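Colleague: With the input below, show me the fold.
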Amino acid sequence: MDEPDHEPPEPAPPRTTRARRHRASAAAFVTRLAEGMPTPWVTWSIVAINVVVYAAMVAAGASPMSPSIEQLMTWGADFGPATMDGEWWRLVTNTFVHIGAVHLALNLWCLWGAGCLVERLVGHGTFLTLYVFAAVVGSLTSIAWAPEIVSAGASGAVFGTFGALYACSRALRRTVPDGLFEDLRLRVALFVGYNILYGLRNPAIDQAAHAGGLVAGFVGAALLCRARTGETARVPPLGVDRRLVPALVAVLALGVGLASWRVGSSDIGRLQALWEQKEHAVAAQRFDEALVHVDEMIAIDPDDGRWHGDRGWYLGMLGRTEEALRATERALASDDSDAVLHNNRAWLLGLLGRHDEAVRSAEQALTIDPKLLLAHHNLMVSLDALRRDEDYVRAAKAAVAVDENDVASLVHLCWAQRKLGHLTEALAAAEAALAIEPQHELAAQHRDWLRAQLGRSK
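Modeller: Sure thing, here's the model as predicted:
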């Protein structure tokens, strides 16, 4: 058989050779981007702000690994009823608040890699717009999905950065080297895997924010960013179509409307409205009205001990002491670590004349919070009623040690010392009370009687 008269085709280069070429072209492209934009200052600034906020939280007493819900809220976490009730800044500030060092480190590691690249692809201003847009849409999605959750972390905005990166890769698919995004695959895999797994264990890690941020980043970049025709050497290689900025504003407006509706129609929204109404009633000393509102709250959420505790206090202020005690004990069954509830129980037991039990409840409150002055007062009242005068003096001295300017504690100390026959010490306590509140009638009566007994002139 004759030999063919044409050369056989050259074999394709090995896969490893192609991979090396892709990495080399990607490295050259990244180098050109870095030369054209040496400082991605928006990404660097966002990373720095996150670190500063975390350090400030820890310095202020927050746990470095697992801050409490109260601490997260104090520093700007997102919570549907609060955010939709005028605290709009939480839509952004929550992305700078993190639930521990691991959460912070992984978010910033991924943001550093993807953020620097996206910023160099689209420019400083466009990247900042896309980042904030993804952050806000992620926060609104979180509220619309689960308004009762307190959420925090930059991960929604970081997911948005990944979404923007994918949109950029599509816009530049004819000019961007194939290997450009290979180095980011590990970051993306770890980031997504961690957030899914950690989110299943921690309700403050909100998967809805991740999804909302991812879609927002992709849609925002897809709408705004266009490859520069004939300017492939220019940095950034993507231009901005500002005519479509109103579309982003429309998306935000839609998100705000949806989140507001969701909060208003949810149990947490109704609870928030009732809570505000009962607080206004309490401020006006209308405890019967406050009781109606808290009963409605219990009907919505019967397992929340806070509402039963509030109900106990309102009933007590209305003179319905037995009912108040039952409500307070129901609240303590939900949370036995609340010093205020133990103090309220001591107050109610004292009103019922059950002073031995009242002493134990007041002492339990002070074990939890030694500086709770009302618990000191209730303890002193019951010790006085039980004629435990030595203990009464010790309790009064402990109360004065908590606040030496508390007139009620000084009057208690005066009476306790007087009962033990310590007239000089009793007079000193009465005079100290009158130095703070000269018109205090009971302290003046004690002083006059004691001066007469001690033979001193007025």
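Colleague: What helices and strands are in contact with the helix or strand hosting residue 327?
Modeller: Under the criterion of DSSP states H and E, residue 327 resides in helix 321-334. Judged by 3 or more Cβ pairs under 8 Å, 6 or more residues apart in numbering; DSSP states H and E, helix 321-334 is in contact with helix 305-317, helix 339-351. Bear in mind the C-beta positions are built from the backbone N, C-alpha and C, glycine included.
Colleague: Which stretch among those is buried most, on average?
Modeller: Of all the helices and strands packed on helix 321-334, helix 339-351 has the most neighbours on average by mean count of other Cβ atoms under 10 Å, namely a mean of 24.
Colleague: now the following helix or strand past that helix: mean pLDDT?
Modeller: Later in the chain than helix 339-351, the nearest helix or strand by DSSP H and E is helix 355-368. Predicted confidence along helix 355-368 averages 95 (mean pLDDT).
Colleague: roughly how far is helix 355-368 from the heart of the chain?
Modeller: Taking Cα atoms, centre = their mean, to the nearest Å, one finds helix 355-368 lying 32 Å from the centre of the chain it belongs to.
Colleague: got the CA coordinates for the next helix or strand after that helix in PDB?
Modeller: Downstream of helix 355-368, the next assigned helix or strand under DSSP H and E is helix 373-385. Extracted C-alpha coordinates of helix 373-385, given in PDB (Å, rounded to 0.1, in the frame of the first residue of the first chain):
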ATOM      1  CA  LEU A 373     -30.100  47.000  94.200                       C
ATOM      2  CA  LEU A 374     -33.800  46.100  94.100                       C
ATOM      3  CA  ALA A 375     -32.900  42.600  95.200                       C
ATOM      4  CA  HIS A 376     -31.000  44.000  98.200                       C
ATOM      5  CA  HIS A 377     -34.100  46.100  99.100                       C
ATOM      6  CA  ASN A 378     -36.400  43.000  98.900                       C
ATOM      7  CA  LEU A 379     -34.000  41.000 101.000                       C
ATOM      8  CA  MET A 380     -33.800  43.700 103.700                       C
ATOM      9  CA  VAL A 381     -37.600  43.900 103.800                       C
ATOM     10  CA  SER A 382     -38.100  40.200 104.400                       C
ATOM     11  CA  LEU A 383     -35.200  40.000 106.900                       C
ATOM     12  CA  ASP A 384     -36.700  42.800 108.900                       C
ATOM     13  CA  ALA A 385     -40.100  41.100 108.800                       C
END
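Colleague: Report the angle between whatever helix or strand comes next after helix 373-385 and helix 373-385.
Modeller: Stepping forward along the backbone from helix 373-385, the first helix or strand reached (DSSP H and E) is helix 389-402. Computed by axes from the mean of the first three to the mean of the last three Cα atoms, to 10 degrees, the angle separating helix 389-402 from helix 373-385 equals 160 degrees.
Colleague: Show me what helix 389-402 is in contact with.
Modeller: With contact meaning Cβ atoms under 8 Å, 6 or more residues apart in numbering, helix 389-402 is reached by 370-371, 373, 376-377, 379-380, 383-384, 406, 409-410, 412-413, 416-417, 419-420, 422, 429.
Colleague: what pLDDT, on average, does that helix get?
Modeller: pLDDT averaged over helix 389-402 gives 95.
Colleague: Mind picking out the helix or strand in this protein with the poorest mean pLDDT?
Modeller: strand 238-240 (a mean of 62; mean pLDDT, DSSP states H and E).
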